[in-house]
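**Q** Structure for the following, please:
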Amino acid sequence: MTSTEPASSPAQRKLFERAAAANDGSFTSGDWGLFVAVAAIWGSSFLFIDIGLDAFPPGLITLLRVGSGALALLLLPKPNVTIEATDRARLLLLSVIWVALPFTLFPIAEQYINSSVTGLLNGATPIFAATVAAVLLRQRATGPLLLGIIVGFVGIVLISLPSIGDGASEARGVFLVLGATVCYGFAINLAAPLQQRYGSLPLMSRMLALATLWTLPYGLWDIGDAEWELGPLVAVLVLGVFGTGIAFAIMGSLVGRVGSTRASFITYLIPVVSLALGVTFRDDTVAPLAIVGIALVIGGALLASRARR
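**A** You can find the predicted model right below:
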């Protein structure tokens with residue numbers, strides 16, 4: 001299950017180059033449909049996590065989410081493919097950094113910061129994706145790429161500052177979300193070549209099944225603290241079946257069709273959706289400085305991705 005290739009091997013670099021070069025043309029109508037669907041589903045995920053926390057501890061939310069998502073994909077018809085030995089280590093890594101670790105961090109973070117701020121910080125994914133791609137491909141960051149990354153990171157700071165200034169607990173939530181978003185930056189670059197090789201459903205179903213195993217111990221650790229209220233339970237199961245299983249299958253397909261960086265543009269809409277839902281249904285408050293920050297993050301990501309194309 002382990003790979004003997006060094007991290008800088010030609011085979012691995014070729015995988016990342018394929019991901020960066022994937023389908024640089026315009027979005028088709030089908031691509032736009034996938035894009036909007038995933039943005040709406042993932043934009044609402046932070047609200048569902050917040051509702052779930054009304055009755056469940058963070059670890060159990062993650063386990064229920066990942067487990068129900070894995071079950072949803074297991075029940076869908078899909079081709080029978082075999083993951084090559086050289087890709088199994090990458091699949092294991094992807095199950096950790098795209099699912100198990102960030103999905104564990106988000107519910108913990110939302111104990112300290114609201115769902116709207118969490119969604120805004122998640123908007124930094126394209127910046128981290130572009131930065132990771134540049135490092136992995138050993139591209140020198142100059143011109144628009146460097147400017148885009150700098151502008152994006154300034155935006156991240158502006159989003160973070162109001163919550164960090166509110167106290168140590170809020171700062172903890174910010175750093176947890178940023179850690180999860182860095183994981184996404186790595187994962188979205190790893191996912192593209194694997195999805196192109198094996199297809200969306202076979203890859204994502206295996207990834208979620210593995211992640212269920214990784215999240216099982218923490219999920220069961222404090223299961224006795226759960227209150228099992230119907231509303232939060234439904235919210236978490238919807239988050240799992242649609243926000244994890246179905247959405248990951250759609251996102252995997254989108255990454256394979258349009259490439260990792262362009263697929264990560266989906267996070268432009270996620271903060272808007274999460275902000276609107278959080279303010280409407282949970283009375284979230286967001287500092288004006290954070291709104292300015294997300295505008296800079298989006299602008300920086302556009303510059304960085306345009307430079308890479």
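
**Q** And the next helix or strand past the helix or strand of the chain with the lowest mean pLDDT?
**A** Across the helices and strands of the chain, the lowest-confidence element by mean pLDDT, DSSP states H and E is helix 10-21, at a mean of 51. Once helix 10-21 ends, the next helix or strand along the chain (criterion: DSSP states H and E) is helix 29-43.

**Q** And for that following helix, what's in contact with it?
**A** With contact meaning C-beta atoms under 8 Å, 6 or more residues apart in numbering, helix 29-43 is reached by 27, 119, 242-243, 246-247, 250-251, 253-254, 257-258, 265-266, 268-274, 277. To be clear about C-beta, it is placed using only N, CA and C from the backbone, and glycine gets the same treatment.

**Q** Check the secondary structure at residue 82 for me.
**A** Here residue 82 is recorded as coil under DSSP: H, G, I helix; E, B strand; the rest coil.

**Q** count of residues packed around it?
**A** By the criterion of other C-beta atoms under 10 Å, residue 82 has 8 neighbours.

**Q** now swap in residue 170 and tell me
**A** Close neighbours of residue 170, defined as other C-beta under 10 Å, add up to 19.

**Q** What residues does the residue nearest to it when sequence neighbours are not counted make contact with?
**A** In space, and not counting its chain neighbours, residue 170 is closest to residue 163: 4.3 Å by C-beta to C-beta, 6 or more residues apart in numbering. By C-beta under 8 Å, 6+ apart, residue 163 lies in contact with 113, 117, 170-171, 173-174, 290.

**Q** does residue 163 sit in a helix or strand, and which one?
**A** Residue 163 belongs to helix 143-165 when assigned by DSSP H and E.

**Q** now do residue 54
**A** Under DSSP H and E, no helix or strand contains residue 54.

**Q** How about the contacts made by it?
**A** Residue 54 touches 229, 231-232, counting by C-beta under 8 Å, 6+ apart.

**Q** Equivalent analysis for residue 119, please.
**A** The contact partners of residue 119, taken as C-beta under 8 Å, 6+ apart, are 43, 46, 270-271, 273-275, 278.

**Q** Now do the contacts for the spatially most distant residue from the centre of the chain.
**A** Within the chain, the residue lying farthest from the chain centre (C-alpha atoms, centre = their mean) is residue 224, at 28.8 Å. Contacts for residue 224 (C-beta under 8 Å, 6+ apart) come out as none.

**Q** what's the spacing between it and residue 56?
**A** According to C-beta to C-beta, to the nearest Å, residue 224 stands 11 Å off from residue 56.

**Q** try residue 92
**A** Separation of residue 92 from residue 56 (C-beta to C-beta): 27 Å.

**Q** more neighbours, those two?
**A** Legend: neighbour count by other C-beta under 10 Å for residue 92 and residue 56, higher for residue 56 (27 against 18).

**Q** tell me the phi and psi of that one?
**A** Torsion angles at residue 56 (phi, psi; degrees, to the nearest 10) stand at phi -120, psi 150.

**Q** same deal with residue 77?
**A** When read as degrees, to the nearest 10, the backbone of residue 77 gives phi -70, psi 140.

**Q** Buried by neighbour count: which residues of whichever strand or helix holds residue 214 qualify?
**A** Applying DSSP H and E as the criterion places residue 214 in helix 200-221. Applying a neighbour-count criterion of 16 or more other C-beta atoms under 10 Å, one finds 200-212, 214-216, 218-219 buried in helix 200-221.

**Q** just stretch 61-80 next, same as before
**A** Buried residues in stretch 61-80, counted by 16+ other C-beta under 10 Å: 61-73, 78.

**Q** avg pLDDT for that stretch?
**A** For stretch 61-80, mean pLDDT rounds to 92.

**Q** Kindly report the same for stretch 255-268.
**A** 69.
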